[in-house]
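Chemist: Need a 3D model of the following:
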Amino acid sequence: MKAIPQLVALLALAATPTAAQPQQGPSRVGAPGAWERVVYGIEFRDESGEPIGHPFLGGFNLPRPQLADADGDGDLDLFLQERSDRVMFFRNVSTGGAPEYEWVTDSYEDLPIGEWFRFVDVDLDGDLDLLAEEPYSYIRYYRNDGGSGPAAYVLATDTLRDVAGEAIFSDRQNIPNAADIDCDGFLDLLIGRLTGTITRYEAETVDGDGVPRFRHITDSFEDIEIIGAFQGSLHGANTMALEDVDQDGDHDLFWGDFFEPGLLLIENTGTCATPVLRGTPRPFPLGDPVATSGYNAPALGDIDRDGDMDLTMGVLGGAFDPKTSAVDNLYQFEQGPDGGFRAVTSRLIRTVDAGSESYPALTDLDGDGDLDLLISNKIDTENNRTGHLYVFENTGSATAPAFTARGAVPGLPDQYHYAPAFGDLDGDGDDDVLMGSYSDHMAYYRNDGHASGAGGILPRWTLVDSTAATLSRGRYTTPTLGDLDADGDLDLLVGESSGALNYYRNDGGPRAPAFELVSDEYQDIDLGRRSVPKLVDLDADGDLDLAVGYEIEGVRIFLNEGSPREPVFVETDPLPVSVPPFATPVFVDLDGDGDLDFLAGGTGGGLVFYRHTGGSR
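Modeler: As a prediction, the model looks like this:
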């Protein structure tokens with residue numbers, strides 16, 4: 001990889017009005033840029049006009065929640081794990097009653113937590129410590145030295161061990177839990193197994209570093225064996241929560257399973273000192289059980305401070321068509337005065353979320369001088385036959401955008417992974433569409449204005465050529481348009497499933513494009529899998545550079561060290577921002593300040609946004 005010292009952190013940026021032409025003149029930015037993560041500050045509303053409170057969180061597909069008072073202010077904050085090795089932290093800023101969560105960070109205290117985490121009072125000192133996965137499938141322990149104030153986590157050991165010194169194994173697909181289940185002053189560690197049984201350990205000694213050592217008690221705790229509802233006899237990945245949900249002084253057990261569409265409650269019918277959890281697991285809430293795609297992850301706590309237990313539940317997606325829970329997957333249940341529970345919401349943290357593997361694009365759909373937003377997804381949550389391309393109208397302005405959902409683009413054929421590239425292909429002054437998708441070809445749609453309804457924003461695109469370009473191999477076409485040979489028309493660069501780039505020269509001219517394949521291994525650039533290129537002038541030197549998202553986290557940057565007529569793309573440092581896997585990058589001047597901001601979709605189905613603030617690093 002070639003490093004370019006004067007452009008180490010990316011870059012002097014210039015705004016481009018479309019994918020076609022790098023803009024010259026006063027909008028160019030002359031200094032290296034800084035990036036500011038933005039979650040709030042740009043208004044989004046759903047189709048009913050309700051605000052989407054946390055727009056740019058990237059979407060959720062498998063949120064694993066926990067509740068803990070992280071800041072010592074007496075209420076329960078929310079922690080979510082969406083991606084491996086990092087915990088999102090939302091501070092509860094409510095002054096009483098229902099919680100109000102405010103995003104603070106995507107990586108709480110930069111704690112590496114593997115595939116799961118659990119807040120547990122391991123040392124029984126009255127505050128919550130942290131257990132997490134130590135790769136692969138062991139148990140890491142962070143001690144909380146914060147006392148009654150804000151939590152302060154210190155790594156106590158990277159692997160919990162038994163009294164013989166052997167590391168305790170916990171399948172990484174399962175989320176264990178721990179509590180003093182028999183009220184004898186020693187912590188019990190419960191580990192769900194893929195067989196549907198529970199292994200129990202109990203703390204017996206403490207080593208010189210204050211880390212408990214555990215004695216193995218049984219591999220069949222209380223003879224519990226969870227048999228999945230799917231096909232009658234299957235077991236699978238599972239999650240557990242332990243809490244006194246009925247306030248009778250002992251721990252009850254909640255269980256979510258890969259092969260169970262609901263959440264199971266095993267009530268403790270014994271006492272604190274003599275627990276009995278041998279009853280039939282019952283679907284929760286009792287009388288009105290929740291049903292999802294399965295593998296439900298519970299967390300309990302008094303979130304509204306009314307003196308009883310409430311329950312937060314993430315849906316990780318199990319055996320019951322996981323795509324159906326790609327948006328509605330973070331439930332809140334409140335306990336009423338009668339002890340019953342009711343579901344308050346299935347989207348506790350409302351963010352822009354199209355389902356999974358989102359692909360954003362911006363263009364002025366209604367000709368009002370500002371940029372509207374389109375977001376596609378992998379597949380519709382209710383229809384296995386197609387994905388959708390959703391429209392968000394900019395109801396603000398070019399300098400102060402605000403977006404309102406207007407529904408899906410009408411008239412498109414059933415297809416997965418819509419990937420639109422915009423540019424004026426017929427020379428009439430508006431943006432036409434070259435549409436990529438899961439298939440191996442791209443379709444050319446002429447822009448004929450907009451349809452009636454939804455405020456007049458939904459576009460009217462006319463199909464000109466269903467196979468305007470076809471890959472020589474591979475699928476998942478992700479096109480980007482730009483004049484790569486400086487002849488005045490838009491050429492085509494396409495990413496695809498293999499990670500290579502395909503270059504098609506436009507031999508038809510600016511009014512009637514004809515894309516001819518030049519190379520299906522363009523400049524030997526290979527991202528490994530699922531390349532998503534964007535052509536844009538990143539260093540404000542008047543030629544097109546290249547940014548590429550791909551399956552792994554990150555966006556790689558290739559600067560044009562050749563010329564506008566004969567580009568030579570040389571890799572420099574990657575974009576210094578955190579993006580999800582399957583990143584779909586867009587560089588656009590969203591706030592109208594003359595430089596390029598950065599927007600990306602990805603695996604979670606939502607958007608992440610970074611504003612370019614200017615200044616040096």
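Chemist: now the nearest residue to Asp129 once chain neighbours are set aside, what's its secondary structure?
Modeler: Counting by Cβ to Cβ, 6 or more residues apart in numbering, Val122 is the residue found nearest to Asp129 once chain neighbours are left out, at 4.2 Å. For glycine as for every other residue, the C-beta is placed from the backbone atoms N, C-alpha and C. Under the three-state scheme (DSSP: H, G, I helix; E, B strand; the rest coil), Val122 adopts coil.
Chemist: got a list of what Val122 touches?
Modeler: Contacts of Val122 were listed using Cβ atoms under 8 Å, 6 or more residues apart in numbering, and they are Asp129, Leu131, Tyr141, Arg143, Ala178, Leu187, Pro212.
Chemist: Which secondary structure elements does the helix or strand hosting the third one sit against?
Modeler: If you go by DSSP states H and E, Tyr141 is part of strand 138-144. Secondary-structure packing of strand 138-144 (3 or more Cβ pairs under 8 Å, 6 or more residues apart in numbering; DSSP states H and E): strand 129-134, strand 153-157.
Chemist: partner strands of that strand, parallel or antiparallel?
Modeler: strand 129-134 (antiparallel), strand 153-157 (antiparallel) (DSSP bridges).
Chemist: Which members of the contacts of Val122 are the farthest-apart pair?
Modeler: Using Cβ to Cβ, these span at most 13.8 Å, a distance reached by Arg143 and Ala178.
Chemist: The two: which is more packed in?
Modeler: Ala178 (25 against 20; other Cβ atoms under 10 Å).
Chemist: which strand residues sit across from that one in the sheet?
Modeler: In beta-bridge terms (that is, DSSP bridges), Ala178 pairs with Leu189.
Chemist: Likewise for Asp372?
Modeler: Going by DSSP bridges, Asp372 forms beta bridges with Thr363.
Chemist: and what of Tyr138?
Modeler: Applying DSSP bridges, one finds that Tyr138 bridges with Glu134.
Chemist: Give the burial count for it, as a bare number.
Modeler: 18.
Chemist: And for Gly147?
Modeler: For Gly147, the neighbour count with other Cβ under 10 Å is 12.
Chemist: roughly how far apart are it and Glu109?
Modeler: For Gly147, the distance to Glu109 equals 16 Å [Cβ to Cβ, to the nearest Å].
Chemist: Check Phe90 too.
Modeler: 14 Å.
Chemist: How about Thr351?
Modeler: From Thr351 to Glu109 the distance is 22 Å (Cβ to Cβ).
Chemist: what stretches of the stretch 451-600 of the chain score poorly on pLDDT?
Modeler: Scanning the stretch 451-600 of the chain for pLDDT under 70 picks out 451-455.
Chemist: Strands of that one, residue ranges please.
Modeler: Secondary structure of the stretch 451-600 of the chain (DSSP state E, counting those that start in this stretch): strands located at 459-470, 478-482, 491-495, 501-506, 515-519, 532-536, 545-549, 555-560, 569-571, 584-588, 597-601.
Chemist: Go through those and name the closest to Tyr438.
Modeler: Closest among these, using Cβ to Cβ: strand 478-482, at 10.5 Å.
Chemist: Direction included, what does the closest one pair against?
Modeler: Applying DSSP bridges, one finds strand 478-482 paired with strand 491-495 (antiparallel).
Chemist: any residues touching the partner strand, and which ones?
Modeler: With Cβ under 8 Å, 6+ apart as the criterion, strand 491-495 contacts 421, 434, 436, 442, 469, 471, 476-485, 501-506, 515, 522, 527, 530-533, 535, 546, 548, 550.
Chemist: Can you pull out the low-pLDDT segments for this protein?
Modeler: 1-33, 229-233, 451-455, 615-617.
Chemist: again, only using 80
Modeler: 1-33, 228-235, 450-456, 614-617 (pLDDT under 80).
Chemist: Pop out the phi and psi values for the residue positioned nearest the centre of it.
Modeler: Closest to where the C-alpha atoms of the chain average out (Cα atoms, centre = their mean) is Gly604, at 3.1 Å. Note on Gly604: backbone dihedrals following degrees, to the nearest 10 are phi -70, psi -10.
Chemist: Likewise for the one 5 residues further on?
Modeler: When quoted as degrees, to the nearest 10, the phi and psi of Phe609 stand at phi -140, psi 130.
Chemist: Ok, Pro322 next?
Modeler: According to degrees, to the nearest 10, Pro322 has phi -60, psi -30.
Chemist: about what we covered before: of Phe90 and Glu109, who's got more company?
Modeler: Legend: neighbour count by other Cβ under 10 Å for Phe90 and Glu109, higher for Phe90 (23 against 13).
Chemist: what about the more buried one, which SS state?
Modeler: Going by three-state DSSP: Phe90 is strand.
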